[in-house]
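1. Sequence and predicted structure are below.
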Amino acid sequence: MVSKKTIASILDDYEEIVIATVCSHSSLQIFHGARQEGFRTLGIAIGKRPRFYDAFPLAKPDDFLIVDSYADIVDQADDLVSRQVVTVPHGSFVEYMGSDIFAKLRIPTFGNREVLRWESDREKQREWLTSAGVPMPDKIEHPKDIDRPVFVKYYGAKGGRGSFIAKNYEDFKESIQPGMKYAIQEYVVGTRYYMHYFYSPLATTGYRLSRGALEMLGVDRRDEANIDEMYKLGAQEALRKMGLLPTFVVTGNMPVVLRESLLPIAFDMGERVVERSLELFGGMIGPFCLETIVTDKLAFKVFEISTRIVAGTNLFIAGSPYSDLTEPGMSTGRRIAREIRIGQKQGRLADILS
Amino acid sequence: MVSKKTIASILDDYEEIVIATVCSHSSLQIFHGARQEGFRTLGIAIGKRPRFYDAFPLAKPDDFLIVDSYADIVDQADDLVSRQVVTVPHGSFVEYMGSDIFAKLRIPTFGNREVLRWESDREKQREWLTSAGVPMPDKIEHPKDIDRPVFVKYYGAKGGRGSFIAKNYEDFKESIQPGMKYAIQEYVVGTRYYMHYFYSPLATTGYRLSRGALEMLGVDRRDEANIDEMYKLGAQEALRKMGLLPTFVVTGNMPVVLRESLLPIAFDMGERVVERSLELFGGMIGPFCLETIVTDKLAFKVFEISTRIVAGTNLFIAGSPYSDLTEPGMSTGRRIAREIRIGQKQGRLADILS
Amino acid sequence: MVSKKTIASILDDYEEIVIATVCSHSSLQIFHGARQEGFRTLGIAIGKRPRFYDAFPLAKPDDFLIVDSYADIVDQADDLVSRQVVTVPHGSFVEYMGSDIFAKLRIPTFGNREVLRWESDREKQREWLTSAGVPMPDKIEHPKDIDRPVFVKYYGAKGGRGSFIAKNYEDFKESIQPGMKYAIQEYVVGTRYYMHYFYSPLATTGYRLSRGALEMLGVDRRDEANIDEMYKLGAQEALRKMGLLPTFVVTGNMPVVLRESLLPIAFDMGERVVERSLELFGGMIGPFCLETIVTDKLAFKVFEISTRIVAGTNLFIAGSPYSDLTEPGMSTGRRIAREIRIGQKQGRLADILS
C-alpha cells in the first residue's frame, strides 16, 4: 500500500487537480461530474481512444492517456503525478488493474485504499459487516450442510459470472466447477435494492456520524442475464433439462425507490458499516453500495458491499429521487468531484485521498 | 366524522398554515412539496425524532411533534389547531391511527374524509367503482365457485401481507387462514400500472369535470416481496413443496409509462370515479390511485383504488414524464401543497379540507 | 413513393412550419418537443378531438384536424400543405394509415420514406442488418428445423400480438395459426435493451459518421402483457394446461441504463446500420431503435429495428441519463423538432424530409 506520507507529499505540489479514471463502468458520470465541479479530466484507455465519448460532449474527457495494458499505468505514475492527476477508482478500474497493483499505484486516489483488504476477501468482508451489526444471509460452511436454497459465489467472480443457485446438495454438485474457491450463502427470497451511499468525512451537517456525515444518492436494481428474463421460456426445472442454466451477469440497471419506512433502517446499516470501517482501517470514504434483499417481513439482508462507485449510479446522472432532496441534479460522480473540491478548499485532501 | 362546520370554523382563524404529516410512507415528498410552496412543516413521529430527515435537508420538517402513539395525536388536536396545522393523510397515517380515529380527528385535513367509508369496505369500494362504470376483475362469491385463477385478499390487509393466489378450490383451502374476512377476485393476467391522479375541485382549466379538473401526475409499478423475484428459484409448484409460498408485501416502486393509446381510457376511468364520488359522498379530493392490470387485449381491470397519496409517487420527487407536460418538477406532494395555497388564495379552503 | 422533387417544390413555399402527427403513440412527446423548439402544432385524430390533451397543456397541439379515417388524410394533403405542415411519423401513424398510403402521402414528412421498403419486409430487414455486420438471432428456415427455443413472429404483427415461443416442433404445431406468414428466429435468452438512436445527416460534431453524426437519447425495456407477469401464477407448463398461453402485447415501458462497457458496441452497431442504409436507400434519417437482447456473454443480438420514434422514448420527456450528457432536457420528440429547425436554418430541409 502506498504510504499516507507519500500521497501527502505528492498533494503538496498539486494546484490544479485533473480527475482521471479508466474509460469504462461509470466513467461518463465521473467525467461529467468532474466537469460540473470545474475540474479538468483525463480518460485512461487501452489501445486506442474510445470513440463513444464523442456522442456525449458533456462527459467527454479533456485528454486521453492511451496505454497498452492497465499495468502500464504504473509506469506512467510519475507523469500522471506531474499532470496533477487524482484517480477516481470504480469496479472495472480495480478489477482490470488488479487490486494488488492498484493498492501500490503512486498516484493520489479518491477514497481510502485500505478498504481493499476488507472487501476483496469474502471472509473479511463478512467479518466487517457482521461485526458492524448488519444482517447478512447465513453462511453455509460445507456444501453437505445445504438445507435450503443457497447462492454460491466464486471468489473474485466478475460481474456475476459463474455464480449459481442450488436448492440442495445435489444441485450444488451438479453445478460446482472444480478447483474454484467459493462461498455459500443462504439464498434469501425477496426484492433487491442496491443502495448508493456517500460517506463524507468532511461534512459538518446532514446525517452526522462520529466523524463527517452519511448521504443516500439513489437506489437501483441490477439487471442480470440470463436470470432476469429466462422465466419467459418456462420452468427452470424444464430448462435445466435442455441445458439452460441461470446465470447472473450484470447487463444494466433499473431505477427503484424503497418503501419509506425502510429508510431509517437503511441509514442505520450505512452508519454501522462506516463506523466499523473507521475502527478497522481508518474509514471507507466516499461512495459505497449495500447490496440488499428485502424480505416479506420487511427485513434487510445485505449480501455484499461495494466500496466505491457502482454502475447503478449511471441512472442518476441528473439526480435521483433521493439526491433531489439534498441538492437537485447531484449524481454520485459529481458528489465525488464536489468532495475533492471541498477537501481542496479546506486543505484536507489527505483526509479523502490515499 | 368531524362536521364541515367545525372544520370551517377552525379554518376561519388560520392565517399561516403549517403542513403536517406522520413521518413515514411519502412524508419526505409531502414536506418537500410543502416547502416548495412556501409552507412551514411539522413531522409527527412516535417515540423519538427520526434521524433520517437529517440526510434530506430539502425535505426536513421545520418542527417535530413526538407522541407515544398515533392515538395520542387526538389529545394534541387543540394544540395542533392553535399552531394552524393542516394534516396531509397518507396510507400509513390512516392505517396506524385507525380510520375511526382519523375520521374524528378535529384537525383540518387535506381531502374529503367521507371517502373513508367507501374505501375501507371492499364491498362498498366495488359498488362505487362498478356503478361508475369502471371495469373490475370479477368477484367470486364463494370459494367453491373458483373456476379460474383468483386473488384472495383479507380485509384491511396491510401492504399486501396475507394475500394469496389460488388456481382452484384446493389451493384456496390450503392457503386460507381461518377466521379472517376476505374477498375473492378473478386473477387477471397482464401488466400492472398504478396510476397517480389528482382531482382538483378548484381548477378551472385542464381536463374539466363537472366541477374542477383531473390531472395525471405519474405511473408506477409496485415491487413486492417475494412474488416479484421468487421465480428465480424455480417453478412455484416446486417451491410450494419446499414450503415457499408467494407473498405480496410492497417493498418499493419502479417507474413506468403507459402505452399512449391507453391514456384516453385512463382519463375516462378517472373521470368516472370522481364524478361518481361527487354523487355518492361529495367527492374524492386531491390525489388518488387506480391500481390496474392491463391485459393483452389492451383492456384495463381496476383491482383497487387508493384515495390518497400513494408511495409510488415517491419516484417522482422532481416530476414524472406526465407532470413534465403539465408543470415541470411537479410532484404529488407539491401538488397537494399547491392546491392548499390556491384554496387559501381563493378563500375556498373548506372545499378541499375536511 | 412521392418524388424528392415534389417534396422539394412543396418545401420551397414553406415559411412557418407546422408540425403534425397522429394523436397516439408518442404524440404528446412530439407536440411537446415541437413547442419547445417554437413550432406550431397540429394533431390529427379520428372522429373527434381527443380530450386527454387538455390534461397536458405543454403538449396540447395548437389545432386539430379531425378525419373519419386515416385514409382521409390523403384527401386533405393539399390543405395540409397549404397550412405548411410537416408530418412526424410514428409507429401507429404508419400502421393505421397503411405503409402504402403513407409512402405516397403528398405532404413533407420527417425522415426518409424509402426506409419503409427495408423495414416492413422481414427478409429485407434481415438482409439490411446482417449485411451491415449486426448480429441477429439465427433464422430458422423450416419449422421442422427447430432444434432449440424459438420465437415465431407473424408478418406485420401489431404490438406483439400473435407472436409465440416454441421450444420444439411440437410446440410450434400447437401454436401456429394457419394461413399466416411468419418468421422463425432463435429465441435468445438474456436481458432486453431497446436503444433510442438519432441519426442527423446535418450534424457536424459529435459521433461522426461518413455523413452527419449519431446520438443516443435513451434506453428502455418494453413491458408486455401477459408474458412479463404471468410467471406469478405458476410454471408456464402448468398454465398451458389451463389454456393460458404467453402473449407479447406492449402495454408500457420502463427506463434502463446499459452496462457502460456495452456502449462502444452499441455505437458501432448503430453506425453500421446507418452507413448501410446510406448505401442501400439514401439513409435512415432521425430516430431509430435497435431492439436487442444482451446475453450472459455480454453479446448483443438485434432482433428487430424500428426506423422511427419508438414509444419507449415517452419515458424521457425531460431527458434521459444519456441525453443529459448531450443536452439536458432533450427528448427524442424535441430532437426531431430541433433537426427540422436546423434544416430550415441551413436551407437543407430536403435532406431530412421526404
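-> Thanks, I have the structure now. Numbering: from 1, shown residues only, chains lettered A, B, ... in the order given.

2. rest of the way, CA atoms for contacts and neighbours
-> Will do.

3. So which bits of the stretch 151-300 of chain A are right by chain C?
-> Contact residues, the stretch 151-300 of chain A versus chain C (Cα under 8 Å from any Cα of the partner chain): A:161, A:223-235, A:247-255.

4. Swap in 6 Å and give it another go.
-> A:A225, A:N226, A:G234, A:A235, A:V249, A:T251, A:G252, A:N253, A:M254 (Cα under 6 Å from any Cα of the partner chain).

5. Could you look up the SS state of A:K5?
-> What DSSP: H, G, I helix; E, B strand; the rest coil gives for A:K5 is helix.

6. From chain B, how far out is it?
-> According to Cα to the nearest Cα, to the nearest Å, A:K5 and chain B sit 33 Å apart.

7. now swap in A:D78 and tell me
-> From A:D78 to chain B the distance is 39 Å (Cα to the nearest Cα).

8. Over to A:P328?
-> Applying Cα to the nearest Cα to A:P328 and chain B gives a distance of 8 Å.

9. And for that residue, the neighbour number?
-> 15 (other Cα atoms under 10 Å in any protein chain shown).

10. show me what contacts the nearest residue to A:S69 once chain neighbours are set aside?
-> Distances taken as Cα to Cα, 6 or more residues apart in numbering or on different chains place A:I46 nearest to A:S69, at 5.9 Å, with adjacent residues excluded. The contact partners of A:I46, by Cα atoms under 6 Å, 6 or more residues apart in numbering or on different chains, come to A:I66, A:V67, A:D68, A:S69.

11. show me the contacts for the second one.
-> The neighbours of A:V67, taking Cα under 6 Å, 6+ apart as the test, are A:I46, A:G47.

12. per-residue pLDDT, it?
-> A:V67 is assigned 95 on the pLDDT scale.

13. Looking at strand pairing, list the partners for it.
-> A:I46 (DSSP bridges).

14. average pLDDT across stretch A:21-40?
-> 98.

15. Stretch A:214-233 too?
-> Mean predicted lDDT for stretch A:214-233 stands at 94.

16. Give me the residues contacting that stretch.
-> By Cα under 6 Å, 6+ apart, stretch A:214-233 touches A:193-199, A:207, A:246-256, A:312, A:320, A:322-323, B:55, C:190-191, C:295-296.

17. what about A:E15, which SS state?
-> The local conformation at A:E15, judged by three-state DSSP, is coil.

18. most neighbours, which of the residues of the stretch 151-300 of chain A next to chain C?
-> Result: A:T251 is most packed of those (other Cα under 10 Å), 29 neighbours.

19. That one: helix or strand, and which one exactly?
-> strand A:248-255 (DSSP states H and E).

20. Kindly export that strand (C-alpha atoms) in PDB.
-> Taking Å, rounded to 0.1, in the frame of the first residue of the first chain, the C-alpha atoms of strand A:248-255 are listed here in PDB:
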ATOM      1  CA  PHE A 248     -26.000 -13.700 -13.200                       C
ATOM      2  CA  VAL A 249     -24.100 -11.400 -15.400                       C
ATOM      3  CA  VAL A 250     -24.900  -7.700 -14.900                       C
ATOM      4  CA  THR A 251     -26.000  -6.100 -18.200                       C
ATOM      5  CA  GLY A 252     -27.700  -2.900 -16.900                       C
ATOM      6  CA  ASN A 253     -29.700  -1.200 -14.200                       C
ATOM      7  CA  MET A 254     -33.200   0.000 -13.400                       C
ATOM      8  CA  PRO A 255     -34.200   2.700 -11.000                       C
END
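
21. Specify the angle between that strand and strand C:248-255 in degrees.
-> 70 degrees (axes from the mean of the first three to the mean of the last three Cα atoms, to 10 degrees).

22. Residues contacting strand A:248-255, please?
-> A:159-161, A:220-225, A:312, C:256-259, C:296.

23. Which residue is the nearest non-sequential neighbour of the residue of the stretch 251-354 of chain A found nearest chain C?
-> Across the stretch 251-354 of chain A, the shortest distance to chain C (Cα to the nearest Cα) belongs to A:G252, at 4.3 Å. Nearest non-adjacent residue to A:G252, counting by Cα to Cα, 6+ apart: C:L258, 4.3 Å away.

24. ok, and for the worst-scoring helix or strand of chain A on mean pLDDT, which residues are buried?
-> Ranking every helix and strand in chain A by mean pLDDT, DSSP states H and E puts helix A:236-241 at the bottom, with a mean of 84. Residues of helix A:236-241 classed as buried by neighbour count (16 or more other Cα atoms under 10 Å in any protein chain shown): A:Q236, A:L239.

25. Give me the residues contacting the helix or strand hosting A:L116.
-> In the assignment (DSSP H and E), A:L116 maps to helix A:115-119. Contact with helix A:115-119 is made by A:K124, A:Q125, as judged by Cα under 6 Å, 6+ apart.

26. again, 7 Å this time
-> A:K124, A:Q125, A:F281, A:M284 (Cα atoms under 7 Å, 6 or more residues apart in numbering or on different chains).

27. again with stretch A:186-195
-> By Cα under 7 Å, 6+ apart, stretch A:186-195 touches A:137-140, A:149-151, A:218-221, A:289-296, B:224-226, B:228-230.

28. so of these, which ones are in helices?
-> If you go by DSSP state H, those have nothing in helices.

29. Good, we can wrap up now.
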